[in-house]
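A.B. asks: Return a 3D structure for these sequence lines:
(one chain, ligands or ions: 2)
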Amino acid sequence: MADQEIPPPSQLVPLNFASVQTHVPESHLWPNVKELSAAVKLDKRVSLPLIDLVNDDASELLGRACEEWGMFQLINHGVSQTLIEEAEEETRRLFTLPAAQKMKTLRSPGSLTATGYGMAGISKYHPKLMWHEGFTIIGSPINEAKKLWPNDYKRFCDVMEEYQRQMKGLGERIIRLILKFLGISEEEMMKLLTSTDESIGKPYMALRLNSYPPCPDPGQVMGLAAHTDTSLCTILHQVRSNGLQIFKDGTGWVPLSPMSGTLVVNVGDLLHILSNGRFTSILHRVMIQENKEHRFSLAYFYDPPGDIYISPYCKPLSDTPQFPLYRSVNVKEYFAIKAKKMGSGLPAIKI
Ligand SMILES: O=C(O)CCC(=O)C(=O)O
Ligand SMILES: [Fe+2]
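C.D. replies: Ligands and ions are numbered 1, 2, ... in the order given. All right, here's what the predicted structure looks like:
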């Protein structure tokens with residue numbers, strides 16, 4: 001029965017990476033990776049802000065980091081190290097399953113609100129495929145976990161549900177502090193942060209587990225091509241290995257190594273819109289490393305529900321009049337615009 005759910009090979013599906021021993025298939029050879037890598041400022045020490053969430057000035061520090069970088073690292077974030085390690089372990093357990101097993105949970109292409117295995121949404125904008133496979137979780141992953149581990153699915157579900165619960169709580173704390181910095185009132189905040197209630201649209205909050213398998217020719221493949229996240233903010237846990245790079249205006253591409261005990265948080269397009277362009281929706285990408293390690297990461301996209309409207313916040317009574325740079329847009333609509341515009345949604349809603 002389950003085999004019938006496996007799609008035909010013509011569909012855009014992740015490669016069976018375990019079967020690649022020596023030669024990277026043509027479909028995954030990017031002609032320009034060497035140039036892209038050469039542009040990286042390895043000598044630049046990234047002094048990405050490191051923010052203590054329990055600091056009395058956290059709101060100010062987060063706001064300044066969003067303005068200057070669109071990204072920061074967080075300590076004292078309150079998410080237990082044990083849970084993070086369990087989530088890492090379950091992620092590894094999932095991606096090291098045989099390819100045919102993972103394919104049983106393939107998400108329908110283009111689906112934004114389904115749980116399952118597949119390629120990153122940005123894959124369809126590039127002529128070459130990426131050295132990446134993902135597993136997106138929205139709500140409970142129980143139906144898919146049962147297909148992966150018919151007799152042993154509970155552990156994965158328990159860990160991933162608890163991880164999402166804690167990330168959602170953390171996301172809300174971060175967003176509240178950032179909105180406070182912008183001068184947004186509690187009442188307005190509540191409208192935005194209303195829980196993932198079906199009455200205001202489908203939940204778009206998602207946890208994406210990312211896997212970048214070891215590659216025989218890392219200099220010719222792309223892990224995850226440059227993109228901005230659509231979210232309000234993304235909370236990223238990099239599992240030890242290097243590869244993440246961020247684009248800093250005035251500097252260029254710089255690597256961002258994982259730092260134990262911290263979580264990386266970045267501004268997404270929705271927060272850029274809400275801040276009326278004040279906060280940077282930071283461009284980032286993942287390059288495959290020479291060290292033949294299997295790299296994993298866990299990205300939690302903190303999003304309002306689909307029917308919530310995001311409008312640029314222009315400070316009332318400010319000395320200099322402020323005008324909205326973007327039209328107001330609801331979450332569901334913005335996701336659709338971004339998909340239609342090849343991953344570059346902001347220009348489409350510019351006033
Ligand atoms: O793997 C990483 O470090 C980054 C992942 C990412 O950018 C994403 O999932 O949107
Ligand atoms: Fe991202």
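A.B. asks: So Cys215, which state does it fall into?
C.D. replies: Assigned state for Cys215: coil (three-state reduction, DSSP: H, G, I helix; E, B strand; the rest coil).
A.B. asks: measure it to ligand 1 for me?
C.D. replies: To ligand 1, Cys215 is 15 Å away according to CB to the nearest ligand atom, to the nearest Å. Any C-beta I mention is one placed from the backbone N, CA and C, and that applies to glycine too.
A.B. asks: Next: Arg327.
C.D. replies: Distance of Arg327 to ligand 1, given as CB to the nearest ligand atom: 25 Å.
A.B. asks: do Val24 as well
C.D. replies: Note on Val24: its distance to ligand 1, by CB to the nearest ligand atom, is 20 Å.
A.B. asks: Contact partners for Glu172?
C.D. replies: By CB atoms under 8 Å, 6 or more residues apart in numbering, the contact set of Glu172 is 193, 302.
A.B. asks: What is the three-state secondary structure of it?
C.D. replies: Following three-state DSSP, Glu172 is assigned to helix.
A.B. asks: and the closest residue in space to Phe301 that isn't next to it in sequence, what element?
C.D. replies: Distances taken as CB to CB, 6 or more residues apart in numbering put Ser231 closest to Phe301, at 4.0 Å, once the chain neighbours are dropped. Using DSSP states H and E, Ser231 is not contained in any helix or strand.
A.B. asks: got it, and the one 3 residues further on?
C.D. replies: Element membership of Thr234 [criterion: DSSP H and E] is strand 233-239.
A.B. asks: re the thing from before, tell me the phi and psi of the residue nearest to Phe301?
C.D. replies: For Ser231, the backbone dihedrals (degrees, to the nearest 10) come out as phi -60, psi 170.
A.B. asks: what kind of secondary structure is the spatially most central residue of the chain in?
C.D. replies: The residue lying closest to the centre of the chain (CA atoms, centre = their mean) is Ala299, at 4.4 Å. Three-state assignment for Ala299 (three-state DSSP): strand.
A.B. asks: helices or strands next to whichever strand or helix holds Pro347 in the packing?
C.D. replies: Pro347 is part of helix 346-349, with elements assigned from DSSP H and E. Judged by 3 or more CB pairs under 8 Å, 6 or more residues apart in numbering; DSSP states H and E, the packing partners of helix 346-349 are helix 269-274, helix 331-340.
A.B. asks: picking that back up, hang on, isn't the residue nearest to the centre of the chain packed against Asn210?
C.D. replies: Yes - using CB atoms under 8 Å, Ala299 is in contact with Asn210, at 6.4 Å.
A.B. asks: List the contacts of the closest residue to Trp149 other than its chain neighbours.
C.D. replies: Spatial nearest neighbour of Trp149, chain neighbours left out: Phe156 (6.8 Å); criterion: CB to CB, 6+ apart. By CB under 8 Å, 6+ apart, the contact list for Phe156 reads 90, 93-94, 141, 145, 148-149.
A.B. asks: Take those and lay them out in JSON lines including secondary structure and distance to Gly121.
C.D. replies: Converted to JSON lines, the contacts of Phe156 look like this (DSSP: H, G, I helix; E, B strand; the rest coil; distance: CB to CB, whole Å):
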{"residue": "Glu90", "secondary structure": "helix", "distance to Gly121": "23"}
{"residue": "Arg93", "secondary structure": "helix", "distance to Gly121": "24"}
{"residue": "Leu94", "secondary structure": "helix", "distance to Gly121": "19"}
{"residue": "Pro141", "secondary structure": "coil", "distance to Gly121": "18"}
{"residue": "Ala145", "secondary structure": "helix", "distance to Gly121": "22"}
{"residue": "Leu148", "secondary structure": "helix", "distance to Gly121": "22"}
{"residue": "Trp149", "secondary structure": "coil", "distance to Gly121": "26"}
